[in-house]
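A.B. asks: Structural data only, the sequence is not supplied:
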C-alpha cells in the first residue's frame, strides 16, 4: 500500500533522519521509519554476521552522494541532500526512489486466481485484467503476515509485490498454503526485477514521455507492459506509497541503472530529485499509509489497523483468517490504530507509550511518528483502546519519561492527491 503499500521490513534507523535512509507504505514495503526506527533486538554477534544485500542501483546511489543504511537486510539510501528537501520535491515536483528491495511472486496456471483468492483478504474477482489491488495476507488467527499489491494480468497470471521482509517468508507461506491446489504455480521472481518509483505532481507526464505505448491514460491502480526509455518488458503501474500521483516501474535488473539515469536526465526540466527512505517514510505517514512491521504485524489484524476496506469477509470461498476476523468484528475491536497530533512539545517515536490524559499507566503505543514537513506539526499513528479512539480524545505520549499532550485526529493528516 494506497500503496497503501506498502511499502513495506525490519531495520533500525538512526534517530535523526538527516543522518541515515527512510521508509513505510508503503508500497507496499518495510519496517523502516527514520522518525520511528524499530529496535534491533537481535544479539550483536548475530548482527555482525549479517551481510546486507545491494540493489542493482547501489553504485548509482553512492555516485549521487547518498547516505546508505541497512534496511530489511539491504543497503539502502536514507537520504541524498536531505529528507526535508526530498520530501518537498515529491510534494511539489517529482522524486525518484529505488524500491528494488521489494519482492515479487508470480502466480500462474488455470487455478491461479482461485489459489490467490484464498490467501488474500481483498476480492480479486472484482479486480479486472490490467488493474492492481491492495490486499493483505493473514494467518488463521487473522493477524497480518504482510500487506501486498496484486497486479492482475489475467485470471491465469497474477503478479504479487510483497515487502522486502516478505521476500522469502511470504513466498514460502503461499506455497505451503496452496500445496493442495493443482493448476496454480508460484514462482519466486524477486531477483528478476528492479523497481523504481517516480512520484509527484510532475511524475506522470515525465514517465509518459519515456513510454511506448503511452501510459498517461492509465487510471490509478492500473498498469500495462511498456518499453520505457528504450528498455522493453517493463511493467508500468500507476501506484505509489507517497500519496502523490506517479508510477512504479518494474524493469530488468541489468538495465536498472540505465533507467535511473534516463529518468534523472529527462526529469531535470521539472526539478526531479533522487529520494531516500527518510522522505519515503515522512511522505507515507502524512497520508497515513501503513508500514508493515510498525503499524501492522503478526500481532495485529487488518481490522485493528484500520484496513477494513480491504477485508472482504463475505467474498465467495472466503480466505485464510476470515473466520477469526469475522468473530473479532462481531465482538467489537478492543484496540484501534488512530492518528495523533502532539499539542505539547516533542516528537512521538515508534514504541513510545500512550496513556489516557492524566493516567499513570500506559494503555497504548506509538507505531510511527515524525514531524510533518508539510504541516510543521508532530504527527503519529498509535494503537489505543477503542474507548480512546474517538476523534478529539485527549491523550498523552510519554517522551523520555515525561507526558506530552496529544489529541486523536482524523486521518489522513494530509489528503492524498490520488485515490485508490
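C.D. replies: Cool, got the structure. These numbers come from a predicted model, not from an experiment.

A.B. asks: Going by C-alpha atoms from here, please, whenever you check contacts or count neighbours.
C.D. replies: Noted.

A.B. asks: Helices along the chain, start to end?
C.D. replies: 44-49, 58-63, 83-92, 112-119, 167-177, 203-208, 256-266, 277-286, 322-331 (DSSP state H).

A.B. asks: For residue 378, which of those helices is the nearest?
C.D. replies: Residue 378 lies closest to helix 277-286 among those, at 10.2 Å (C-alpha to C-alpha).

A.B. asks: Which pLDDT value does the model give residue 44?
C.D. replies: You'll see residue 44 listed with a pLDDT of 40.

A.B. asks: Kindly report the same for residue 52.
C.D. replies: 89.

A.B. asks: which residues touch it?
C.D. replies: Going by C-alpha atoms under 8 Å, 6 or more residues apart in numbering, residue 52 touches 70, 73-75.

A.B. asks: and if we set it to 6 Å?
C.D. replies: 73-75 (C-alpha atoms under 6 Å, 6 or more residues apart in numbering).

A.B. asks: how close does it get to residue 256?
C.D. replies: 19 Å (C-alpha to C-alpha, to the nearest Å).

A.B. asks: Could you do residue 176 as well?
C.D. replies: With C-alpha to C-alpha as the criterion, residue 176 and residue 256 are 32 Å apart.

A.B. asks: just residue 281 next, same as before
C.D. replies: Where residue 256 is concerned, residue 281 sits at a distance of 23 Å (C-alpha to C-alpha).

A.B. asks: okay, the two: which has more neighbours?
C.D. replies: residue 281 (36 against 24; other C-alpha atoms under 10 Å).

A.B. asks: per-residue confidence at the closest residue to residue 60 other than its chain neighbours?
C.D. replies: Leaving aside its chain neighbours, residue 60 sits nearest to residue 257 (6.8 Å; criterion: C-alpha to C-alpha, 6 or more residues apart in numbering). On pLDDT, residue 257 comes in at 98.

A.B. asks: Residue 257 and residue 167: what is the separation?
C.D. replies: 22 Å.

A.B. asks: Check residue 315 too.
C.D. replies: In terms of C-alpha to C-alpha, residue 315 sits 27 Å off from residue 167.

A.B. asks: So for the two, which sits in the more crowded spot?
C.D. replies: residue 167 (21 against 17).

A.B. asks: Surely the more buried one and residue 104 touch.
C.D. replies: No: taking contacts as C-alpha atoms under 6 Å, residue 167 lies outside contact range of residue 104: 7.1 Å.

A.B. asks: Provide the backbone phi and psi angles at residue 243.
C.D. replies: The phi and psi values for residue 243, taken as degrees, to the nearest 10, are phi 90, psi 0.

A.B. asks: out of everything not next to it in sequence, what's closest to residue 128?
C.D. replies: Using C-alpha to C-alpha, 6+ apart, the closest residue to residue 128 is residue 152 (6.9 Å).

A.B. asks: and the one you found, what are its bridge partners?
C.D. replies: Note on residue 152: beta-bridge partners residue 131, residue 158, judged by DSSP bridges.

A.B. asks: That one: neighbour count?
C.D. replies: 23.

A.B. asks: what residues are up against it?
C.D. replies: 129-131, 158.

A.B. asks: what about 7 Å?
C.D. replies: 128-132, 158-159 (C-alpha atoms under 7 Å, 6 or more residues apart in numbering).

A.B. asks: PyMOL command to pick out the buried ones of those?
C.D. replies: Only the buried entries of the contacts of residue 152 go into this PyMOL selection, using 16 or more other C-alpha atoms under 10 Å:
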select buried, resi 129+130+131+132+158+159
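
A.B. asks: Show the pLDDT at the closest residue to residue 385 other than its chain neighbours.
C.D. replies: Nearest residue to residue 385, sequence neighbours excluded (C-alpha to C-alpha, 6+ apart): residue 335, at 4.3 Å. Here, the pLDDT recorded for residue 335 equals 98.

A.B. asks: where's residue 335 relative to residue 352, distance?
C.D. replies: 16 Å.

A.B. asks: Over to residue 299?
C.D. replies: Taking C-alpha to C-alpha, one finds residue 299 at 17 Å from residue 352.

A.B. asks: mind listing what's buried in stretch 56-64?
C.D. replies: 56-58, 60-61.

A.B. asks: Report how many residues lie close to the residue nearest to residue 310 when sequence neighbours are not counted.
C.D. replies: Leaving aside its sequence neighbours, residue 310 sits nearest to residue 122 (C-alpha to C-alpha, 6+ apart; 4.9 Å). Residues contacting residue 122 under the criterion other C-alpha under 10 Å number 25.

A.B. asks: Name whatever forms a beta bridge with the closest residue to residue 306 other than its chain neighbours.
C.D. replies: Distances taken as C-alpha to C-alpha, 6+ apart place residue 337 nearest to residue 306, at 6.3 Å, with adjacent residues excluded. When bridges are called by DSSP bridges, residue 337 pairs up with residue 383.

A.B. asks: State the number of residues packed around residue 337.
C.D. replies: Residues contacting residue 337 under the criterion other C-alpha under 10 Å number 26.

A.B. asks: what about it, distance to residue 409?
C.D. replies: In terms of C-alpha to C-alpha, residue 337 sits 11 Å off from residue 409.

A.B. asks: One more: residue 350?
C.D. replies: Residue 350 is 18 Å from residue 409, by C-alpha to C-alpha.

A.B. asks: if we can go back for a sec, hmm, which two among the contacts of residue 152 are most spread apart?
C.D. replies: Every pair of these checked by C-alpha to C-alpha; the farthest is 128 and 159, at 13.2 Å.

A.B. asks: re the thing from before, go through the helices of the chain and name the closest to residue 241.
C.D. replies: So among the helices of the chain, helix 277-286 is nearest, using C-alpha to C-alpha, at 5.9 Å.

A.B. asks: could you give me the average pLDDT of that closest one?
C.D. replies: The pLDDT scores in helix 277-286 average 98.

A.B. asks: Now do it against helix 83-92, angle only.
C.D. replies: When axes from the mean of the first three to the mean of the last three C-alpha atoms, to 10 degrees is applied, the directions of helix 277-286 and helix 83-92 differ by 50 degrees.

A.B. asks: separation between the closest residue to residue 56 other than its chain neighbours and residue 281?
C.D. replies: Using C-alpha to C-alpha, 6+ apart and skipping residues adjacent in sequence, the residue nearest residue 56 is residue 253, 6.0 Å away. Distance from residue 253 to residue 281, counting by C-alpha to C-alpha: 24 Å.

A.B. asks: Residue 213 too?
C.D. replies: 32 Å.

A.B. asks: and this protein, what are its domains?
C.D. replies: 17-100+192-286, 334-409 (automatic domain parsing).
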